[in-house]
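1. model this:
(one chain, ligands or ions: 2)
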Amino acid sequence: MTTSAPEPVLPTARVLTVAGSDSGGGAGIQADLKTMLALGVHGMSVLTAVTAQNSLGVQDYWPLPVEAVSGQFRSVVDDIGVDAVKTGMLPTAEVIETVAGLLQTLPPGVPVVVDPVCASKHGDPLLAADAVAALRELLLPHATVVTPNLPEAVLLSGLPEYTPPAELARALAGAGPGWVLVKGGHRSGPPTDLLLGADADEPLPFTAERADNRHTHGTGCTLASALASRLALGDDVPTAVARAKDYTTGGIVAGFALGAGIGPVDHLWRLRPHL
Ligand SMILES: Nc1ncnc2c1ncn2[C@@H]1O[C@H](COP(=O)(O)OP(=O)(O)OP(=O)(O)O)[C@@H](O)[C@H]1O
Ligand SMILES: Cc1ncc(COP(=O)(O)O)c(N)n1
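-> Ligands and ions are numbered 1, 2, ... in the order given. This is a model prediction of the structure:
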């Protein structure tokens, strides 16, 4: 039988997220895969932990055994292959060490976006207190881009709480990533993110209007996954950051009230005719 329907266009870019599951569907693996779908790439996942989580906070979480983390990674990378990797919640020093070893086995040139997740939007911890040094020393050197929010940049740099974001970026650039993106969502005023290349002195600002919307669960995961997706599609880092921020801002503006607390960003905002 013949058909006049066009051949399906296969997604050409393969993007892997190594992160935790958010049962509420707003952050973590779930946000990552929705973002990848919305940006037109093929999303794949390595689960590092399972969280019991909703709009009110993280009620509990369970790290997966490191063998499960390695097994998922090998299954995906050895057969399907990857064009970019994003890491999110890596709950323990043992998991961080395992993931750092796995990243070392990637083919040269595969971009890695490290979102150094330490806590949820509600302040509930998602990283063991003794694992910060492992994150800085073992993972940051593998990052093409590391995307801390302000509290994470303070924690990872060891600098005082009110250190200017540009100085935080410079301190983290010394820890080995190619680029540092210090996100400004936790400050009042326009949410300006600062991008600093390892060889540069002055960061590039990326700004947007602050959306007056408290439903911002998953913003960090969404930005990092969009960034990894755009890098997989061939953007350079500043272009990928601009496009990822544009996608994330739209998702925040359209974010909706689910549950009694902080609702999720809307990953499908570009498909809503009224937006
Ligand atoms: N109200 C807002 N309006 C517009 N953009 C925002 C807003 N809040 C955060 N952003 C942007 O969203 C992105 C994620 O930043 P944020 O600092 O919230 O990350 P995060 O802290 O990792 O996320 P989370 O707190 O959910 O873990 C950044 O580009 C930031 O500038
Ligand atoms: C499993 C998991 N991973 C990450 C986050 C942080 O979320 P955000 O994207 O808002 O930074 C989260 N709340 N849960």
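2. where does this structure come near ligand 1, residue by residue?
-> 121, 149, 183-186, 191, 193, 208, 210-211, 216, 219-220, 223, 245, 248-249, 252 (Cβ under 6 Å from any ligand atom). To be clear about C-beta, it is placed using only N, CA and C from the backbone, and glycine gets the same treatment.
3. out of those residues, which touch ligand 2?
-> Counting by Cβ under 6 Å from any ligand atom, 121, 219-220 from these sit close to ligand 2.
4. could you flag which of these are buried?
-> 121, 219-220 (16 or more other Cβ atoms under 10 Å).
5. dump those to JSON lines, plus pLDDT.
-> Rendered in JSON lines, the data for these read as follows (pLDDT from 0 to 100):
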{"residue": "121", "pLDDT": "85"}
{"residue": "219", "pLDDT": "97"}
{"residue": "220", "pLDDT": "97"}
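6. narrow those residues to those in helices?
-> 219-220 (DSSP state H).
7. which of the buried ones among the ones next to ligand 2 among the residues of the chain next to ligand 1 lies closest to residue 166?
-> For those, the minimum distance to residue 166 (Cβ to Cβ) is 19.7 Å, reached by residue 220.
8. what number of residues lie near residue 41?
-> 23 (other Cβ atoms under 10 Å).
9. quick one, what contacts residue 267?
-> Contacts of residue 267 were listed using Cβ atoms under 8 Å, 6 or more residues apart in numbering, and they are 31, 34-35, 37-38, 222, 251.
10. I misspoke; the intended subject was residue 269.
-> Under the criterion of Cβ under 8 Å, 6+ apart, the contact list for residue 269 reads 250-251, 253-254, 275.
11. which PyMOL command selects the buried ones in these?
-> Restricted to the buried members of these, where burial is judged by 16+ other Cβ under 10 Å, the PyMOL selection command reads as follows:
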select buried, resi 250+251+253+254
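12. can you show me the CA trace of the helix ranked longest in the chain as CSV?
-> Using DSSP H to assign secondary structure, the helix with the most residues in the chain is helix 237-253. Once non-C-alpha atoms are left out, helix 237-253 reads as follows in CSV (Å, rounded to 0.1, in the frame of the first residue of the first chain):
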residue,chain,number,x,y,z
VAL,A,237,27.5,28.2,24.6
PRO,A,238,26.3,31.8,24.7
THR,A,239,23.7,31.2,22.0
ALA,A,240,22.5,28.0,23.8
VAL,A,241,22.2,30.0,27.1
ALA,A,242,20.1,32.7,25.4
ARG,A,243,17.8,30.2,23.8
ALA,A,244,17.5,28.1,27.0
LYS,A,245,16.7,31.2,29.0
ASP,A,246,14.1,32.3,26.5
TYR,A,247,12.4,28.9,26.7
THR,A,248,12.5,28.9,30.5
THR,A,249,11.2,32.4,30.9
GLY,A,250,8.2,31.5,28.8
GLY,A,251,7.6,28.4,30.9
ILE,A,252,7.7,30.5,34.1
VAL,A,253,5.3,33.1,32.7
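13. if we can go back for a sec, nearest to ligand 1 among the contacts of residue 269?
-> Of all the contacts of residue 269, the one sitting nearest ligand 1 is residue 253; the distance, using Cβ to the nearest ligand atom, is 7.4 Å.
14. roughly how far does that closest one sit from residue 20?
-> Relative to residue 20, residue 253 is positioned 26 Å away (Cβ to Cβ, to the nearest Å).
15. same thing with residue 135?
-> According to Cβ to Cβ, residue 135 stands 14 Å off from residue 20.
16. so these two - more neighbours on which side?
-> Set side by side, residue 135 and residue 20 show more neighbours around residue 20, with 28 against 25, by other Cβ under 10 Å.
17. which strands and helices sit next to the helix or strand encompassing that one?
-> Assessed by DSSP states H and E, residue 20 sits inside strand 14-22. In terms of contacts (3 or more Cβ pairs under 8 Å, 6 or more residues apart in numbering; DSSP states H and E), strand 14-22 is packed against helix 28-38, strand 42-54, helix 66-79, strand 84-87, helix 219-232.
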